[in-house]
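Student: Provided below are the primary sequence and the corresponding predicted coordinates.
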Amino acid sequence: MKNDNTYNGWSNYATWRIHLEMFTDWNNGKVDTDFLEDYAYTLIEAGSEEDSLARGYALGFITDVNWDEIAEAINEVN
C-alpha cells in the first residue's frame, strides 16, 4: 500500500507550511535552495531561545521541507 503524504498540492505538509508561512509573498527575485534553507534557519534562530522546545521542534520540522519545490514555485513567478 502506497502512503500518499502530499498536502494541498505540495509534496508534504512541511513544504506547504514553510512556503505558506515564510515565502508566499516573496517578491525579491529568484532564489536557490541553499538560500531558502539558510533564510528559514535564520528566521527560526532569530525568533527562539537557544534551548527552547519550540526551536527544537521547528528545526526538526524543516528537515522534511522540499526546498527544490519551494524554489521552483518562487522562481516561476519571479
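Tutor: Cool, got the structure.
Student: the helix or strand where residue 17 lies - contacts with which helices or strands?
Tutor: Assigned by DSSP states H and E, residue 17 falls within helix 13-18. Here helix 13-18 touches helix 67-77, going by 3 or more CB pairs under 8 Å, 6 or more residues apart in numbering; DSSP states H and E. Every C-beta, even on glycine, is put in place using the N, C-alpha and C of the backbone.
Student: what comes up buried for the helix it packs on?
Tutor: Residues 67, 69, 70, 71, 73, 74 are the ones in helix 67-77 that count as buried (16 or more other CB atoms under 10 Å).
Student: kindly report the same for stretch 32-49.
Tutor: Residues 36, 37, 40, 44, 48 are the ones in stretch 32-49 that count as buried (16+ other CB under 10 Å).
Student: convert the C-alpha atoms of it to CSV, please.
Tutor: Extracted C-alpha coordinates of stretch 32-49, given in CSV (Å, rounded to 0.1, in the frame of the first residue of the first chain):
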residue,chain,number,x,y,z
ASP,A,32,18.0,28.8,-4.9
THR,A,33,17.5,26.0,-2.4
ASP,A,34,20.6,26.9,-0.3
PHE,A,35,19.3,30.5,0.1
LEU,A,36,15.8,29.3,1.1
GLU,A,37,17.1,26.9,3.7
ASP,A,38,19.5,29.4,5.2
TYR,A,39,16.8,32.0,5.3
ALA,A,40,14.4,29.7,7.1
TYR,A,41,17.1,28.6,9.6
THR,A,42,17.9,32.3,10.2
LEU,A,43,14.3,33.1,11.0
ILE,A,44,14.0,30.2,13.4
GLU,A,45,17.2,31.1,15.2
ALA,A,46,16.3,34.8,15.5
GLY,A,47,12.9,34.0,16.9
SER,A,48,13.7,31.5,19.6
GLU,A,49,15.9,30.9,22.6
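Student: contacts for that stretch?
Tutor: Contact with stretch 32-49 is made by 18, 22-23, 54-55, 58-59, 62, 65, 67-68, 70-71, 74, as judged by CB atoms under 8 Å, 6 or more residues apart in numbering.
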